[in-house]
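Asker: I would like to see how this sequence folds:
(2 chains)
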Amino acid sequence: MTVRTRFAPSPTGYLHIGGVRTALFNWLYARRNGGQFVLRIDDTDAQRNRAEAVEPILDGFDWLGLDWDEGPTKDAGGESFGPHAPYYQGQRNDKYVAAAMKLLETGHAYPDYTAAADQDAARKAADKAKKSYVHRGSNRDTPPAENARLYAEKPAPLLLKVPEGRKVVFDDAVRGRVEVNTDTIRDPALLRAPGPDGVCRALYSFATVVDEADFGITHVVRAEEHLANTPVQILIFEALGASIPTFAHIPLVYYNGKKMSKRDLPPLTADEVAKLKACGWTDDEVKARDDLNIATVAYYRELGYLPAALINYLGRLGWSLDDSSEFIPLDVMVNNFGLDRITKAPGNLDMNKLYWLQSEYMKLVPTAEKVERSIPYLKRAGLIGDTLDDATRTKLTAVIDAAGDRIKLFSDVLAFARPLLVANPEYDPKAVEKRLHAPGAADLLRAYADVIRGVEPFDAVTADKALHDVAAAKGIKPGDLVHPVRVATTGSQVGFGLFETLAILGKAETLRRIDHALTLIPV
RNA sequence: GCCCCUAUCGUCUAGAGGCCUAGGACAUGGCCCUCUCAAGGCCAAGACAGGGGUUCGAAUCCCCUUAGGGGUACCA
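Answerer: Numbers count the residues shown, from 1 in each chain, chains lettered A, B, ... in the order given. Here you go, the predicted structure:
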């Protein structure tokens, strides 16, 4: 039997990284075993079924490279592809109703006419007696034929008749054996009472089981929050006469020891906001994007993380390859993935470690590719137009090459490229104060300018030699000259190698900038 | 309340009775390299939640306690 896994997000308008990890495990397991990975949209909460809510999810998967074999089409227009279409639960209600009617006829389900008030009272009474409330509906013991007649006449919530005095046992692929007594399981609602449109809509647990059976899902890998309703679902599988998939409940992803709820997530740091603004974002734009937090894929994408780094990090969170591997490229992960090495305890999102992995992956990206991938960020920042002319591309390539490992995120390219791409650098007042207003700085700059005027050819090596010559002649350490020259030509105290910087600027521009910097120094 | 799950350095984890004086990684601290910033090299500090058992022997098995978490809907 081929392995078939699935991921079933609710359309909320953004893609949560906890969900991505669950999806990744499903995807990995399917790919490892030559099976299929199915994407299903759980929109039984009908009103929210809008393309705009689904799009960020599909878009995110696309960016991450997690491809699905069956499911909604990428345009998020509401269409599906695959042998079991549609893959939107909102479009599958007739199937759920049909399955429920079968259960009604076979006596596995019954309508419940219990008044809400009576149910509440019973619940409160049980609570008072320190017992768990296990709901059993009004028509539980009515003959099936009678119930079917009643239901046709007067539809009500349709409940599953949970067998009494039994144990539901299953072997969870990560938790191990789980046993639950059916006497502690309430009769769950399968179908709601008719809505305003007269339709009886399926509840999540029922819809999911019907779909799992219909899609032929063999392995249900999902978040731990679903562990508790697994016994109920197994009972539904049994009533349906469907084969029961293997379950694997993976622990949640926490942040600072807590579930990642929006209010506990940190706001964007000043550094992150600065990076976005360097990429051309306005304060209002940043504020308007309330999905920009560490729990969403959008955050990583906008700041310029590599999908490969996020995937590695998320895959390694709660799963390990062995006792020492941290850097695990996707192909290695695919070839070695198994449900048996998933941890049982929740894991905390560690931004430091993710960032470290990001830098490791970034080191491996060839310069030409870095250039290509930086283009959207540079465009947004207005540093380049719609097309990248050859001269700028050459300059940009040189910048990215010279910046090397300093570029951790694609948004970092801006900090290195801007001073060199722009007509005049912005002078950081602190840098000017410290390096240009230092005693003797102007003389040193003039001395250096005088020397390089005659240097031919002008490149990193000759610029370096010229600086050392000047330093030696003046009897100072090279560093004492490097600093003022750096600030004079880039406006900043930090950057990659000074001589690479000067080479990229060229002799004429270097001299022009030094001249300009001299005007900033009071006589 | 009731049902269920979980528990190793700050964090992610290795560990399935003796290979454990508990290994690796991120983060942290120190030193080296160095024109700044990165990168790199070396070193350091840092954990089996607590208590009972079982056993010749327990991080590993059992029980209790404690602490977290999930569920308890005509939500998903």
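Asker: Surely residue A:304 touches residue A:415?
Answerer: No. With contacts defined as Cβ atoms under 8 Å, residue A:304 does not count as touching residue A:415, sitting 11.6 Å away. The C-beta positions use only the backbone N, C-alpha and C, and glycine is treated the same way.
Asker: out of these two, which sits in the busier spot?
Answerer: Relative neighbour count places residue A:304 above the other of residue A:304 and residue A:415, with 23 against 17, counting by other Cβ atoms under 10 Å.
Asker: any idea how far residue A:37 is from the residue nearest to the spatial centre of chain A?
Answerer: What sits nearest the mean C-alpha location of chain A, by Cα atoms, centre = their mean, is residue A:297, with 2.9 Å. Residue A:297 sits 17 Å away from residue A:37, taking Cβ to Cβ, to the nearest Å as the criterion.
Asker: same check, this time on residue A:93
Answerer: For residue A:93, the distance to residue A:37 under the criterion Cβ to Cβ works out to 24 Å.
Asker: Neighbour count: these two, which is higher?
Answerer: Ranked by neighbour count (other Cβ under 10 Å), residue A:93 and residue A:37 place residue A:37 first, with 22 against 17.
Asker: Backbone dihedrals for the residue nearest to the centre of chain A, please?
Answerer: According to degrees, to the nearest 10, the main-chain angles of residue A:297 amount to phi -70, psi -30.
Asker: Up against RNA strand B, what does the stretch 301-450 of chain A have?
Answerer: Along the stretch 301-450 of chain A, the residues adjacent to RNA strand B under the rule Cβ under 7 Å from any atom of the strand are A:316-320, A:322-324, A:326, A:341, A:343-348, A:350, A:352-353, A:355-356, A:359, A:404-406, A:408.
Asker: if you set the cut-off to 6 Å instead, what comes out?
Answerer: Where the stretch 301-450 of chain A comes near RNA strand B, counting by Cβ under 6 Å from any atom of the strand, the residues are A:316-318, A:320, A:323-324, A:326, A:341, A:343-345, A:347-348, A:350, A:352-353, A:356, A:405-406.
Asker: And the stretch 1-150 of chain A, by the same measure?
Answerer: Contact residues of the stretch 1-150 of chain A with respect to RNA strand B, defined by Cβ under 6 Å from any atom of the strand, are listed as A:10, A:42, A:44, A:45, A:127, A:130, A:131, A:132, A:133.
Asker: so where's the stretch 301-450 of chain A uncertain?
Answerer: Segments of the stretch 301-450 of chain A classed as low confidence (criterion: pLDDT under 70) are not present in this model.
Asker: Would you map the helices across it?
Answerer: Assigned by DSSP state H, counting those that start in this stretch, the stretch 301-450 of chain A shows helices spanning A:307-316, A:330-336, A:351-363, A:367-381, A:390-403, A:413-421, A:429-431, A:441-453.
Asker: Can you lay out those as a markdown table showing distance to residue A:276?
Answerer: A markdown table is the format used below for the helices of the stretch 301-450 of chain A (distance: least, Cβ to Cβ, whole Å):
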| stretch | distance to residue A:276 |
| --- | --- |
| helix A:307-316 | 18 |
| helix A:330-336 | 28 |
| helix A:351-363 | 16 |
| helix A:367-381 | 9 |
| helix A:390-403 | 19 |
| helix A:413-421 | 10 |
| helix A:429-431 | 22 |
| helix A:441-453 | 34 |
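Asker: I'd like to know which of those lies nearest to residue A:192.
Answerer: For these, the distance to residue A:192 is smallest for helix A:307-316, at 35.2 Å, taking Cβ to Cβ.
Asker: Could I get the contacting residues of the nearest residue to residue A:83 once chain neighbours are set aside?
Answerer: Across the structure, with Cβ to Cβ, 6 or more residues apart in numbering as the measure, the residue nearest residue A:83 apart from its sequence neighbours is residue A:70 (6.9 Å). With contacts taken as Cβ atoms under 8 Å, 6 or more residues apart in numbering, residue A:70 has the following neighbours: A:36, A:38, A:39, A:80, A:81, A:82, A:83, A:84, A:85, A:87, A:215.
Asker: just checking, which of the residues you listed belong to strands?
Answerer: Secondary structure defined by DSSP state E assigns A:36, A:38, A:39, A:80, A:81 of the contacts of residue A:70 to strands.
Asker: Any idea how many residues pack against residue A:176?
Answerer: 8.
Asker: Am I right that residue A:491 is in contact with residue A:418?
Answerer: No. Here residue A:491 does not reach residue A:418: they are 9.5 Å apart, not a contact under Cβ under 8 Å.
Asker: what do the two both touch?
Answerer: Taking Cβ under 8 Å, 6+ apart as the contact criterion, the residues that touch both residue A:491 and residue A:418 are residue A:425.
Asker: which ones among the residues of the stretch 301-450 of chain A next to RNA strand B are found in strands?
Answerer: Applying DSSP E to those, the entries found in strands are A:347, A:348.
Asker: List only buried entries from the residues of the stretch 301-450 of chain A next to RNA strand B.
Answerer: Among these, those classed as buried by 16 or more other Cβ atoms under 10 Å are A:316, A:317, A:318, A:347, A:356, A:406.
Asker: For those, give me a markdown table that also has distance to residue A:455.
Answerer: Conversion of those to a markdown table gives the following (distance: Cβ to Cβ, whole Å):
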| residue | distance to residue A:455 |
| --- | --- |
| A:316 | 51 |
| A:317 | 53 |
| A:318 | 58 |
| A:347 | 56 |
| A:356 | 41 |
| A:406 | 27 |
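Asker: list the contacts for the residue in chain A that RNA strand B sits nearest to?
Answerer: Among the residues of chain A, residue A:132 lies nearest to RNA strand B; the distance is 2.6 Å by Cβ to the nearest atom of the strand. Residues near residue A:132 by Cβ under 8 Å, 6+ apart: A:126, A:184.
Asker: does it belong to a helix or a strand, and which?
Answerer: According to DSSP states H and E, residue A:132 maps onto no helix or strand at all.
Asker: quick one, what contacts the closest residue to residue A:209 other than its chain neighbours?
Answerer: Excluding the flanking residues, the one nearest residue A:209 by Cβ to Cβ, 6+ apart is residue A:236, at 4.4 Å. The contact partners of residue A:236, by Cβ under 8 Å, 6+ apart, come to A:160, A:188, A:190, A:205, A:206, A:209.
Asker: Out of those, which sit inside helices?
Answerer: Using DSSP state H, A:205, A:206, A:209 are the members of those that sit in helices.
Asker: Among the ones in strands among the contacts of residue A:70, give me the pair with the biggest separation.
Answerer: Of all pairs drawn from these, the greatest distance, 14.3 Å, lies between A:36 and A:80 (Cβ to Cβ).
Asker: Next, see if stretch A:175-192 gets close to RNA strand B.
Answerer: Yes. Using Cβ under 6 Å from any atom of the strand, stretch A:175-192 reaches RNA strand B at A:175, A:176, A:178, A:180, A:184, A:189, A:192.
Asker: if we can go back for a sec, out of the residues of the stretch 1-150 of chain A next to RNA strand B, who's the most crowded?
Answerer: Neighbour counts for those were taken using other Cβ under 10 Å; the highest belongs to residue A:44, with 22 neighbours.
Asker: So that residue: helix, strand or coil?
Answerer: Counting by DSSP: H, G, I helix; E, B strand; the rest coil, the backbone at residue A:44 sits in coil.
Asker: Let me know the pLDDT of the nearest residue in space to it that is not next to it in sequence.
Answerer: Among residues not flanking residue A:44 along the chain, residue A:89 sits closest, at 4.9 Å (Cβ to Cβ, 6+ apart). We have a pLDDT of 93 for residue A:89.
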